[in-house]
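K.L.:
Provided below are the primary sequence and the corresponding predicted coordinates.
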Amino acid sequence: MLFQDPGPSKADIKFRVLGFPVRIHPYFWVMCLFLGGLRNDPGILFIWAAAVLASTLAHELGHTLAMRKFGEDAEVVLHGMGGLAIPTRTRWRRTYDSQILISLAGPAAGFALGAAVVLIAMALGAKLLSGFSSFGLPYIAVDWPKGVLSSNPWAEAYIDYAFNSVLWVTVYWDLMNLMPVYPLDGGQALRAWLEKTRGGRGLTQSLWISVIVGAAIAVMAIAGRGGLWLAVLFGWCAWSSYQAIQALGRPRWARDY
Ligand SMILES: [Zn+2]
């Protein structure tokens, strides 16, 4: 499965943050290179990988902190399709409300990192820019007047790139994760909310939303400039949600067309 823990490997990097074990699978770095495009400046590549790491780690730690609040223990695994916060000890069965909060805590932590980066940049004299990219994705960026960051143009370019790549990855990653597509965070929160309010019918409805929105984003990613990675990710989500519906058996409301 696309989002499963790929298992330990010899090239894993392991450390702890806030008491949570973190394991980085080598495919994570492959994904960084793939998403960043090949560049011939090692400094820029290094900053890009550090920005993806900071954004994804902040996101997963949001999930694990919420899990801890609900009495669960967890570990973080970063792999080739992003990250996972895996519960390692659960005392109770998760309630729908705690599932919703745990799911939303990841994007919330990511946006908090983005806000902190914007505040630091503005304290250093930056102007905030925002708008929509050619693919229709919103972006925020920071811009400094020339020479404010450093008199050395190389250092200036690197610092500027560091701030803006964290912002770009954070907005992209966390907005993408909020899409109502299972098993992304937005899809998990929606499923828990629909199951809470509508029972088994809610589960089926959340899966159909997942199929439709996931397929639409995959098509947009192919037609526009969202890229192959986005198309594969959402295409897979839509397909696996469709298979989950088949496994549930056809509900009556969905049989009539
Ligand atoms: Zn998440």
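P.N.:
Right, received. Where do you want to start?

K.L.:
a strand runs through residue 14, doesn't it?
P.N.:
Yes: counting by DSSP: H, G, I helix; E, B strand; the rest coil, residue 14 falls inside a strand.

K.L.:
give me phi/psi at the closest residue to it other than its chain neighbours?
P.N.:
Of all residues not flanking residue 14 in the chain, residue 23 sits nearest, at 5.2 Å (Cβ to Cβ, 6 or more residues apart in numbering). Quick note: C-beta positions are derived from backbone N, CA and C, even for glycine. Dihedral pair for residue 23: phi -130, psi 130, per degrees, to the nearest 10.

K.L.:
Next up, the contacts around the residue nearest to residue 144 when sequence neighbours are not counted.
P.N.:
The shortest distance from residue 144 to any non-neighbouring residue, by Cβ to Cβ, 6+ apart, is to residue 126 (5.1 Å). Residues near residue 126 by Cβ atoms under 8 Å, 6 or more residues apart in numbering: 142, 143, 144, 163.

K.L.:
sorry, back to before: quick check: the residue nearest to residue 14 touching residue 83?
P.N.:
No: Residue 23 is not in contact with residue 83 according to Cβ atoms under 8 Å; the separation is 10.3 Å.

K.L.:
Give me the more crowded residue out of those two.
P.N.:
Ranked by neighbour count (other Cβ atoms under 10 Å), residue 23 and residue 83 place residue 83 first, with 26 against 21.

K.L.:
would that one count as being in a helix?
P.N.:
No: counting by three-state DSSP, residue 83 falls outside a helix, being strand.

K.L.:
I'd say it and residue 64 touch.
P.N.:
No: using Cβ under 8 Å, residue 83 is not in contact with residue 64, being 10.3 Å away.

K.L.:
Now the common contact residues for the two.
P.N.:
In contact with both residue 83 and residue 64: residue 76, using Cβ under 8 Å, 6+ apart.

K.L.:
Residue numbers of the protein in contact with the ion?
P.N.:
Residues of the chain lying close to the ion by Cβ under 5 Å from the ion are 106, 177, 185.

K.L.:
Among those, which lie within helices?
P.N.:
The members of these that map onto helices under DSSP state H are 106, 177, 185.

K.L.:
Make JSON lines from those and add pLDDT to it.
P.N.:
Below are those laid out as JSON lines (pLDDT from 0 to 100):
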{"residue": "106", "pLDDT": "96"}
{"residue": "177", "pLDDT": "94"}
{"residue": "185", "pLDDT": "95"}
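
K.L.:
Please spell out the ChimeraX selection for the buried subset of the residues you listed.
P.N.:
Here is the ChimeraX command that selects only those of these that count as buried (16 or more other Cβ atoms under 10 Å):
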select :106,177,185
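
K.L.:
Output the ones in helices among the residues of the chain next to the ion as a markdown table; include the columns distance to residue 199.
P.N.:
Below are these laid out as a markdown table (distance: Cβ to Cβ, whole Å):
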| residue | distance to residue 199 |
| --- | --- |
| 106 | 26 |
| 177 | 26 |
| 185 | 22 |
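
K.L.:
pretty sure residue 57 is touching residue 82, no?
P.N.:
No: taking contacts as Cβ under 8 Å, residue 57 lies outside contact range of residue 82: 11.1 Å.

K.L.:
Okay, buried residues for the helix or strand harbouring residue 122 please.
P.N.:
Using DSSP states H and E, residue 122 sits within helix 96-123. The neighbour-count criterion (16+ other Cβ under 10 Å) identifies 96, 98-111, 113-114, 117-118, 121 as the buried residues of helix 96-123.

K.L.:
Can you get me the centre-to-centre distance for the lowest-mean-pLDDT helix or strand in the chain and its chain?
P.N.:
Ranked by mean pLDDT, DSSP states H and E, the weakest helix or strand in the chain is helix 26-36, scoring a mean of 83. Here helix 26-36 is found 14 Å from its chain centre; the criterion is Cα atoms, centre = their mean, to the nearest Å.

K.L.:
which helices and strands does it pack with?
P.N.:
helix 42-69, strand 73-79, helix 228-248 (3 or more Cβ pairs under 8 Å, 6 or more residues apart in numbering; DSSP states H and E).
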